[in-house]
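Trainee: Sequence below, structure please.
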Amino acid sequence: MFRHPPALWRLHRKYKNRVGNVLKISLLAFFFISIIAMSSLYGLSRRWKRLASRGSRVLLTGGGTGGHVNPALAIAEGIRNREPETKFLYVGVKGKAESVIVRRAGYPLRFVLSQGFPGLRPSPSTLLFLLKVSAGVFQSLILLLWFSPRWVVATGGYVSAPVIVAALILKNLRIGHTRIFLHEQNSIPGQLNALLGRWVDRVLLTFSQTLSFFPKNGVLVGYPIRGSITRKPREEAQKNLPFQVPEDRQVVFAFGGSQGARTINRAVVDSLRFLIPHRHRVFIIHGTGLNKSSGYDASKDTENRLKKAYSPEELDLIADFYVRQDYFHNIGDVYSMSDLMVCRSGAGSLNEISRLGKPAILVPKANLPGDHQVMNARAMKHAGAAEILYEDTIVEEGVVLEKLEGRFLADRIMRLLQDRDRLEQMARCSGTFLRRHAVERILSEMYGDRAYNNGSGFHALPFKPLLTNGQLLSFLSQAQTRNPSNYDPGNLLDDPDDLVYYRHRAAGLLSHNAWQDRNLGVKLIGLTLYDEKIPTLLHMLADRTPVSRFQEFFGGDFQQVGFIRRNVLQALRILNRFDPEVEKHLFIALEDPYFEVRSQACVTASHFGFFLSGQEWWFHALEKRLKDPCFEVVIEAALAIGEMGTDSSALEILLQMRESHYWQVRNAALKGIQRLLQRKIVHPSRELLTEAGSFILTSTDFRPHFAIKETYNNLRKHCLDQLHGERPAQEARLLVERAARKHSS
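Mentor: The predicted model follows:
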């Protein structure tokens, strides 16, 4: 039997005793820490209950724009009217609309870190989002433990996410004795609201169709509006404004929400030129917005555009019927003064407009989650309360950007103002568009007094949602592939308005920073047959704005990356519109640094071969591409020569490719020769068969089926059929000639 040496045995026992002591101490430490933690949790829970019992405490959160802030303030106003001693705390993000609006309303304000969700695609922005939201959750935990609210009311915007997550954590730990209410303003909930709404106590909805997203805890209440937004006599509203509106003027109020909208601001400025002739009958009130970001300063940009577009004499005329301000805190007075609105179609604006029964020209922001602004605008249009103008994408000073033409806006404004019957009908429809008494319905849900129905018994309205950009691309691509010659997207969509919007939405993608979005926009421009955007596509094809050094290191060349330029050429083929500008840009594309662009340029030249054949410079340009270092380009150039050649020189060039290293190139040359025969540019002969037979018909890679042999056999069969068909005709001509000679002799 093996026995340990005495020294080793003593070391083993000593080590064993130490491990045992460490385990005992660790268990005791864990036990005491657990007791302390449980005592702390119990103490925090007792403190929360004690503070909640002393009076109503409400934590409000939501922000980024006035559309998220104002509903929270409207709910707070309703609670304060019911319980004047209620204590409030508003949690927002620094530098956003809540920094101005909440402070002016007089509510205590605290800030946490948060950031908008950048999407599912992994990127540095995703990491930054996770870090900021995590920090925001920690900050929210501290605020919630300190304030101990009875209710947490969230009204959307990315600031709501960390607060709701923190509240759910404390509630599940049985520390937070609070109820969580989430108000969703739009018909299609945002990604974070759709996720977090599953676990809150109630989701308060504005539109009935949103009930399908929250079948268990969703209730239909409407959109809460502040008490200050009520219809007033025009004379009373005028007293509260810092400017004077002549009595005989029709008033147009144009605004883009609390932060402003670049498209609307610039369109309003541009429209003034066309409204000057009507200055004695119209008055424009313009809310430019609070946005002062590095990318866009709403007030400064508007002022600079005015100075640049108009002379001092014109500005004097404009001052007689135009006034602007960055933000109207007493917006109810401006509404009461107005006869027509020009605005975005966020839920907040539409509900405020509907409450006062005002007609509107809506300019929805495209490509938002669920296209909720477009869905809102279409709902109001179908109710007869509004008309829609979509943003368009243009090239201005060499930059692709979204724009609404001022001339179109001015024309629509004057057309409506001059048709008073139409304006009054729209106003009546607006007044009945959305649900009333939203604040009262929300309070009845919060207090549980069942004073209102609160949406019980309502079901989601049957409606067909708009296709996402990805769904639209897949749907139209399949249809175009199945039947390219008779392809018409208008016949594939149920509502003609859908195609109008899809075209504008696709054009909107062309101005995005992410090249993937611009690439998607280019494809959809082609598939929706939006040929008005051909000039924009050509600009993108020829744009040589260089990328940064960092992007260049990873293989980038220009801002409009090679994939975009390639897909522009594919879109041009689908659009099937040819003119000198298209030809010029197509010719330039043959020299593009990216091989796929050169290849697609050859394909597109072949597509438009009817217009290009016979032009010597095009033939020489394609001949040059036969020496391209990329065999993919050589293949398409050979096929294009077969489509565009006009004499035997095309045949001679293609025959020279008989011994090309790549069987695909030899195959393309044979196809080009076959196309010359089909077009009757060359004629079948024994000599041609001999020349074609000299092509190498093998490939360097293993293939069970040799396509080049099949191409050669088709070419040979075509020639032989033609030759055999000509022999009887030749014999008949010989017999006729012999008979004629015999008769003459």
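Trainee: hang on, Val91 packs against Pro108?
Mentor: No - with contacts counted by C-beta atoms under 8 Å, Val91 stays clear of Pro108, the gap being 9.8 Å. The C-beta positions use only the backbone N, C-alpha and C, and glycine is treated the same way.
Trainee: Who has more neighbours out of these two?
Mentor: Remark: of Val91 and Pro108, Val91 carries more neighbours, 30 against 13, as counted by other C-beta atoms under 10 Å.
Trainee: Show me the beta-bridge partners of that one.
Mentor: For Val91, the residues forming beta bridges with it (DSSP bridges) are Thr61, Arg110.
Trainee: how close does it sit to Ser613?
Mentor: Plainly put, Val91 is 69 Å away from Ser613 if you go by C-beta to C-beta, to the nearest Å.
Trainee: Helix, strand, or coil at the closest residue to Arg202 other than its chain neighbours?
Mentor: For Arg202, the nearest residue in space outside its immediate sequence neighbours is Phe181; the separation is 5.1 Å by C-beta to C-beta, 6 or more residues apart in numbering. Going by DSSP: H, G, I helix; E, B strand; the rest coil, the secondary structure assigned to Phe181 is strand.
Trainee: which ones are touching Phe181?
Mentor: 151-154, 200-204, 442, 445-446 (C-beta atoms under 8 Å, 6 or more residues apart in numbering).
Trainee: Now which of those would you call buried?
Mentor: Buried positions within the contacts of Phe181, assessed by neighbour count (16 or more other C-beta atoms under 10 Å), are 151-154, 200, 202-204, 442, 445-446.
Trainee: closest to Asn376 among those?
Mentor: Within the buried ones among the contacts of Phe181, proximity to Asn376 (C-beta to C-beta) peaks at Leu204, which comes in at 17.0 Å.
Trainee: can you count the residues close to Trp199?
Mentor: Other residues near Trp199 come to 15 when the count uses other C-beta under 10 Å.
Trainee: Just to be sure, Lys680 is in a helix?
Mentor: No - according to three-state DSSP, the state of Lys680 is coil, so it is not within a helix.
Trainee: how close does it get to Gln722?
Mentor: Lys680 sits at a distance of 10 Å from Gln722 (criterion: C-beta to C-beta).
Trainee: what do you get for Phe129?
Mentor: To Gln722, Phe129 is 68 Å away according to C-beta to C-beta.
Trainee: Among the two, which residue is more densely surrounded?
Mentor: A direct count of neighbours by other C-beta under 10 Å for Phe129 and Gln722 places Phe129 higher, at 19 against 13.
Trainee: Could you say which helix or strand holds that one?
Mentor: Phe129 is part of helix 124-147 when elements are defined by DSSP states H and E.
Trainee: and that helix, C-alpha only, in PDB?
Mentor: Included here for helix 124-147 are C-alpha records, laid out as PDB according to Å, rounded to 0.1, in the frame of the first residue of the first chain:
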ATOM      1  CA  PRO A 124     -20.200  51.300 -33.600                       C
ATOM      2  CA  SER A 125     -23.500  53.100 -33.100                       C
ATOM      3  CA  THR A 126     -25.000  49.900 -31.700                       C
ATOM      4  CA  LEU A 127     -22.300  49.700 -29.100                       C
ATOM      5  CA  LEU A 128     -22.700  53.400 -28.200                       C
ATOM      6  CA  PHE A 129     -26.500  52.800 -27.900                       C
ATOM      7  CA  LEU A 130     -26.000  49.900 -25.500                       C
ATOM      8  CA  LEU A 131     -23.600  51.900 -23.400                       C
ATOM      9  CA  LYS A 132     -25.800  55.000 -23.200                       C
ATOM     10  CA  VAL A 133     -29.000  53.100 -22.400                       C
ATOM     11  CA  SER A 134     -27.200  51.000 -19.800                       C
ATOM     12  CA  ALA A 135     -25.900  54.200 -18.100                       C
ATOM     13  CA  GLY A 136     -29.400  55.700 -18.500                       C
ATOM     14  CA  VAL A 137     -31.000  52.700 -16.700                       C
ATOM     15  CA  PHE A 138     -28.500  53.100 -13.800                       C
ATOM     16  CA  GLN A 139     -29.400  56.800 -13.600                       C
ATOM     17  CA  SER A 140     -33.100  56.000 -13.800                       C
ATOM     18  CA  LEU A 141     -32.800  53.400 -10.900                       C
ATOM     19  CA  ILE A 142     -31.400  56.100  -8.700                       C
ATOM     20  CA  LEU A 143     -34.100  58.600  -9.600                       C
ATOM     21  CA  LEU A 144     -36.900  56.100  -9.100                       C
ATOM     22  CA  LEU A 145     -35.600  55.000  -5.700                       C
ATOM     23  CA  TRP A 146     -35.200  58.600  -4.600                       C
ATOM     24  CA  PHE A 147     -38.600  59.900  -6.000                       C
END
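Trainee: Buried residues of it, list them for me.
Mentor: Burial within helix 124-147, assessed by neighbour count using 16+ other C-beta under 10 Å, is assigned to 129, 132-133, 136-137, 139-141, 143-144, 147.
Trainee: Leaving out chain neighbours, which residue sits closest to Val268?
Mentor: Taking C-beta to C-beta, 6+ apart as the measure, Val268 lies nearest to Ala254, with 4.8 Å between them; neighbours along the chain are not counted.
Trainee: Beta-bridge partners for that neighbour, please?
Mentor: Those that pair with Ala254 in a beta bridge, by DSSP bridges, are His286, Val342.
Trainee: What's the local residue count around it?
Mentor: Burial of Ala254, expressed as a neighbour count using other C-beta under 10 Å, amounts to 26.
Trainee: which residues touch it?
Mentor: 264, 268, 284-287, 341-343.
Trainee: Check Trp618 too.
Mentor: Contacts for Trp618 (C-beta under 8 Å, 6+ apart) come out as 587, 605, 612, 644.
Trainee: distance between the ends of stretch 191-203?
Mentor: End-to-end distance for stretch 191-203: 14 Å, by C-alpha to C-alpha, to the nearest Å.
Trainee: same check, this time on stretch 58-70
Mentor: Between the opening and closing residues of stretch 58-70 we find a distance of 16 Å, counting by C-alpha to C-alpha.
Trainee: Tell me how far it lies from the chain's centre.
Mentor: 24 Å (C-alpha atoms, centre = their mean, to the nearest Å).
Trainee: Report the mean confidence score over it.
Mentor: Within the predicted structure, the mean pLDDT of stretch 58-70 is 86.
Trainee: This completes my enquiry, with thanks.
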